[in-house]
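Undergrad: got a structure for you, letters missing:
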């Protein structure tokens, strides 16, 4: 091959490379972009666990049972607390069945939001659901869908997804949540729990006596016996 032919061949290779390199870069960019879009679409899709139905007689706002019952129980719980989640799904239904449904206990829930921003947001959302007579149902969704402390489990998208699953009026719910209508109440609840002596959750006031979950039932029984 003469020098002229060699020069022409080199120019042809350079021309091909000139088009191939930008094309390859563009292809890689498309692959990366596609991956990001797929990832984001997965992240934006919210899976919701539907909780079991709990029977709460005479449920009014955050209370259940007969206001004239001889024993008053106030539950002090954080919506992000895993132990509260266990109590709520495993023990609370038994308390409702054994004591609240039989007229022995008047039960009230007070959110003790001390684990961080998502605890506060969850409590505010539960109160927003209360405005539509769905506090307890929303309470159950929160505990059924815990996802670790302040890791996005109770971000706005998920809080709204629980409300949507409950068929709440979404414009009303979103307006309540975005306006932080219940921020002060949530702060007052936390102050009440702390001043009551609670150092964590779940704790309970049984006729104003502070007890932990292990002593709850025995303390209720003692109160019913007049001890």
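TA: That came through fine. The model shown is predicted, which means the values in this text are computed figures rather than measured ones.

Undergrad: which stretches in this structure count as helices?
TA: For the chain, the helices defined by DSSP state H cover 3-44, 82-86, 92-95, 117-130, 135-144, 156-165, 170-179, 183-195, 216-224.

Undergrad: could I get the buried residue list for the last one?
TA: Neighbour counts over helix 216-224 (16 or more other CB atoms under 10 Å) mark 216-217, 219-220, 223 as buried. C-betas here are computed from N, CA, C, even on glycine.

Undergrad: what sits up against it?
TA: 70-71, 73, 91, 95, 99, 104-105, 204, 206-207, 209, 211 (CB atoms under 8 Å, 6 or more residues apart in numbering).

Undergrad: please apply the same query to the second one.
TA: Outside helix 82-86, the residues within contact range by CB under 8 Å, 6+ apart are 77-78, 143-144, 146, 201-202, 213.

Undergrad: now with 6 Å, please.
TA: Applying CB atoms under 6 Å, 6 or more residues apart in numbering, the contact partners of helix 82-86 are 77-78, 143, 146, 201-202.

Undergrad: show the average pLDDT along it.
TA: The predicted model assigns helix 82-86 a mean pLDDT of 97.

Undergrad: buried ones in it?
TA: Residues of helix 82-86 classed as buried by neighbour count (16+ other CB under 10 Å): 84-85.

Undergrad: run the chain-centre distance for that helix.
TA: Relative to its chain's centre, helix 82-86 lies at 12 Å (CA atoms, centre = their mean, to the nearest Å).

Undergrad: start the count at 563 instead of 1 going forward.
TA: Right, with 563 as the first residue, what we last looked at is helix 644-648.

Undergrad: that older thread, for the buried residues of helix 778-786, give me a markdown table that also has pLDDT and distance to residue 649.
TA: Below are those laid out as a markdown table (pLDDT from 0 to 100; distance: CB to CB, whole Å):
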| residue | pLDDT | distance to residue 649 |
| --- | --- | --- |
| 778 | 98 | 9 |
| 779 | 98 | 12 |
| 781 | 98 | 15 |
| 782 | 98 | 14 |
| 785 | 98 | 19 |
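
Undergrad: relative to residue 619, which of those residues is nearest.
TA: The closest of those to residue 619 turns out to be residue 782 (CB to CB; 16.3 Å).

Undergrad: the helices of the chain: lowest mean pLDDT?
TA: If the helices of the chain are sorted by mean pLDDT, helix 565-606 sits at the bottom with a mean of 43.

Undergrad: from the recorded domain assignment, give the ranges for the chain.
TA: 563-606, 625-786 (automatic domain parsing).

Undergrad: so which of these is nearest residue 613?
TA: Closest approach to residue 613 among these (CB to CB): domain 625-786, 3.7 Å.
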